[in-house]
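Colleague: just to be clear, the model below is a prediction. Sequence and coordinates:
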Amino acid sequence: MEWKVDREADKPLYQQIFEYIEEKISYGEYPPGSLLPSERKLAQQLNVNRMTIAHVYDELQASGLVERKKGSGTRVSSHKWGILPKGVTNWRKYIEGGSFIPSYPLIRRIRGEAKVMEGGYNLASGKLSSDLFPTDYLQSILSEYTFPTDLGYEHPQGLLSLRETIASYVKTYHNIHTTSSSVLITSGAQQALHLITQCLLNPGDAVAIEAPSYFYSLPLFQSAGLRIFGLPVDSEGMNPDDIMTLYKKHKIRMIFLNPTYHSPTGAILSSTRRLQVLEIAAELGIPIVEDDPVSLLSFDNEQHSPIKSFDRNGNVLYVGSLSKVIGSSLRIGWLIGPQSVINRLADAREQIDFGLSVFPQIIANLLLQSSEYPKHLEFLRQELLERRNEMLSALQDLLGDKIEFTIPKGGFFIWCKLNKSVDDQKLVEAGIKHKILFMPGSVYGSPNGYVRLTFAHLKKESIRDAVSQFAEVLNQV
């Protein structure tokens, strides 16, 4: 929350907060029927005692500005009480409508807490720790660069020089052969997936994704009206034979895969299975969407060739990103595919935002062309390996036989099975109470009793304390 109480002012804190909320209501920023934050959450956001917020809400209720109902929270009054103009729009009906589905409640709960939590440990985030950002060499590169004077609209597919660099980059690191005309620069991998589901599929179409899968946490599939079917993941990734089974039953039209250091399990689709997947998809005439955010972050120097590197018929749409190797806020991703597909998606994206800002594209281009980039990758691999090992050691020492896990050979996460019956909702709430955040398996399509723990977001010296806090929560539920 941007607004803060003034602790040096003569006016009492509760009065400042009352007037702030009253103003938001009168301006229509909190329309009739809208739900206000809970007492506890608002107290956290404003760093005040919960009783202060309770007093504020009591005063707002007495003034007729809000309505309070046990179990339903505090809402702005829906009746006319003199402040709002006549004929106020009922925004609540609009918010609850629309075709784009909100994130799952449990994910919103965790992300909301991450924004306001002071202290504590965040094992839920998929972001790098701040000390892993290439800040110094980024600063050095930018200090020597002269930005362009022409800031008009860029090409719909993105900055040409960056697309050329990406084409060279995927050839060097992934043995993928492409040209700049078959590259679309996107606002991270997420936008690429959104464009694919909105532009290449129709409501009612069936798609296959791994189970469990990060894709289960993305409402964009449901928002597009797609039917989702799972491909169970084992130690070698998903079984290609399951694709044929799903096709016969449901006529799936697209396959979404995260074959290297799969999120959340960390599994690696074997080379044999990669080729089988490609052959089956070609036989059925259905495309593969390959999401590949962390394959360069290998801990044993073994590189796993993307499915796209074997694709000679243009059946694979390859999605890459800099979010996991540079920083998520840079918002640079890319999609590689047949030029006709790229043109279709570029047209749709141009209708939405007329293309990405040129500045992050320039920065990404400079970073990828720099001689320091390979050094950064090596630094990142070593740091993540040390943090993975620290978390593995802490899990073994502090939780023992209470938990089972696979040892990831790359990436950001450790996938854990809890050897006790737990309810994900209760486990997450207990974690929030003790200031420890993690992602429960249910948001990825798994049953209760699984968690995904991130070792990339914490500094090494904090990891054991974080695991200790998680162990305490697990012992209490």
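Modeller: Sure thing, it's come through.
Colleague: where does the protein have low pLDDT?
Modeller: Where the chain drops to pLDDT under 70, the residues are 1, 79-93, 95-96, 148-149.
Colleague: report the central residue of it.
Modeller: For the chain, the residue nearest the mean C-alpha position is residue 126 (6.6 Å; Cα atoms, centre = their mean).
Colleague: make sure that one is indeed in a strand.
Modeller: No: counting by DSSP: H, G, I helix; E, B strand; the rest coil, residue 126 falls outside a strand, being coil.
Colleague: list the buried ones in stretch 108-125?
Modeller: 109-110, 113-114, 121-125 (16 or more other Cβ atoms under 10 Å). No exception for glycine: its C-beta is placed from N, CA and C like everyone else's.
Colleague: among the residues you listed, which two are most distant?
Modeller: Across the buried residues of stretch 108-125, no pair lies farther apart than 109 and 121, at 16.6 Å, counting by Cβ to Cβ.
Colleague: ok so, going back, which of the buried residues of stretch 108-125 lies closest to residue 418?
Modeller: Each of the buried residues of stretch 108-125 was checked against residue 418 using Cβ to Cβ; the closest is residue 123, at 14.0 Å.
Colleague: now the element after the longest helix seen in the chain, going C-ward?
Modeller: When the chain is parsed with DSSP state H, its longest helix is helix 373-399. Beyond helix 373-399 on the C-terminal side, the first helix or strand identified by DSSP states H and E is strand 403-405.
Colleague: now the element after that next one, going C-ward?
Modeller: strand 413-418.
Colleague: please state the offset of that next one from the chain centre?
Modeller: 18 Å (Cα atoms, centre = their mean, to the nearest Å).
Colleague: what count of nearby residues applies to residue 281?
Modeller: 23 (other Cβ atoms under 10 Å).
Colleague: secondary structure element for it?
Modeller: Counting by DSSP H and E, residue 281 is found in helix 271-284.
Colleague: only alpha carbons, please: show the next helix or strand after that helix as CSV.
Modeller: Using DSSP H and E, the helix or strand that follows helix 271-284 in sequence is strand 288-291. In CSV, the C-alpha atoms belonging to strand 288-291 read as follows (Å, rounded to 0.1, in the frame of the first residue of the first chain):
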residue,chain,number,x,y,z
ILE,A,288,3.8,-29.0,-29.1
VAL,A,289,4.3,-25.9,-27.0
GLU,A,290,7.7,-26.3,-25.3
ASP,A,291,8.2,-24.0,-22.2
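Colleague: so what touches strand 288-291?
Modeller: Strand 288-291 has contacts (Cβ atoms under 8 Å, 6 or more residues apart in numbering) with 189, 193, 196, 214, 254-259, 277-278, 281, 306-308, 315-319.
Colleague: tell me which of these fall in helices.
Modeller: In helices, judged by DSSP H, the following of the contacts of strand 288-291 are found: 189, 193, 196, 277-278, 281.
Colleague: in contact with residue 117, which residues?
Modeller: 44, 432, 435, 437.
Colleague: and residue 410, by the same measure?
Modeller: So residue 410 contacts 260-261, 266, 268, 294-295, 297-300 (Cβ under 8 Å, 6+ apart).
Colleague: most neighbours among the residues you listed, which one?
Modeller: Counting neighbours by other Cβ under 10 Å, residue 260 leads the contacts of residue 410 with 29 neighbours.
Colleague: three-state assignment of the closest residue to that one other than its chain neighbours?
Modeller: Distances taken as Cβ to Cβ, 6 or more residues apart in numbering place residue 295 nearest to residue 260, at 3.9 Å, with adjacent residues excluded. Under the three-state scheme (three-state DSSP), residue 295 adopts coil.
Colleague: distance of residue 295 from residue 385?
Modeller: Distance of residue 295 to residue 385, computed by Cβ to Cβ, to the nearest Å: 15 Å.
Colleague: same deal with residue 239?
Modeller: Taking Cβ to Cβ, one finds residue 239 at 29 Å from residue 385.
Colleague: likewise residue 30?
Modeller: From residue 30 to residue 385 the distance is 48 Å (Cβ to Cβ).
Colleague: please identify which of those two sits among more neighbours.
Modeller: Each of residue 30 and residue 385 has its neighbours counted (other Cβ under 10 Å); residue 30 has more, 20 against 17.
Colleague: who's in contact with that one?
Modeller: Counting by Cβ under 8 Å, 6+ apart, residue 30 has contacts 21, 24, 36, 76.
Colleague: so which strand or helix has residue 229?
Modeller: strand 227-234.
Colleague: quick one: strands adjacent to that strand?
Modeller: Using DSSP bridges, the strands paired with strand 227-234 are strand 206-211 (parallel), strand 237-238 (antiparallel).
Colleague: ok, residue 204 - how many residues close by?
Modeller: By other Cβ under 10 Å, 10 other residues sit near residue 204.
Colleague: could you chop this protein up by domain?
Modeller: 13-97, 108-132+375-476, 152-370 (automatic domain parsing).
Colleague: can you redo the ones you listed as CSV with distance to residue 143?
Modeller: As requested, the domains of the chain are arranged in CSV below (distance: least, Cβ to Cβ, whole Å):
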stretch, distance to residue 143
domain 13-97, 37
domain 108-132+375-476, 17
domain 152-370, 11
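Colleague: so which of those domains is nearest residue 4?
Modeller: domain 13-97 (7.0 Å).
Colleague: quick one: distance of that closest one to the chain centre.
Modeller: 30 Å.
Colleague: for it, measure first residue to last.
Modeller: Domain 13-97 has an end-to-end distance of 37 Å (Cα to Cα, to the nearest Å).
Colleague: got it, and stretch 428-441?
Modeller: Stretch 428-441: ends 11 Å apart by Cα to Cα.
Colleague: need the strands for the stretch 51-200 of the chain, in chain order.
Modeller: Assigned strands in the stretch 51-200 of the chain, in chain order: 66-69, 73-76, 121-122, 183-186 (criterion: DSSP state E, counting those that start in this stretch).
Colleague: hey, which of those strands is tucked in deepest?
Modeller: Mean neighbour count, computed with mean count of other Cβ atoms under 10 Å, is highest for strand 183-186 among the strands of the stretch 51-200 of the chain, reaching a mean of 27.
Colleague: quick one: contacts of that one?
Modeller: Contacts for strand 183-186 (Cβ under 8 Å, 6+ apart): 157-159, 162-163, 166-167, 192, 195, 332-337, 342, 345-346, 349, 356, 361.
Colleague: the residue lying farthest from the centre of the chain: what secondary structure?
Modeller: Taking Cα atoms, centre = their mean, the residue of the chain most remote from its mean C-alpha position is residue 10, at 43.1 Å. Using three-state DSSP, the structure places residue 10 in coil.
Colleague: would you mind giving the ones in helices among the contacts of strand 288-291 as CSV with distance to residue 407 added?
Modeller: Shown next, in CSV, are these (distance: Cβ to Cβ, whole Å):
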residue, distance to residue 407
189, 25
193, 28
196, 32
277, 24
278, 28
281, 30
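Colleague: now rank the residues you listed by neighbours and give me the top one.
Modeller: Most surrounded of the ones in helices among the contacts of strand 288-291: other Cβ under 10 Å gives residue 277, at 25 neighbours.
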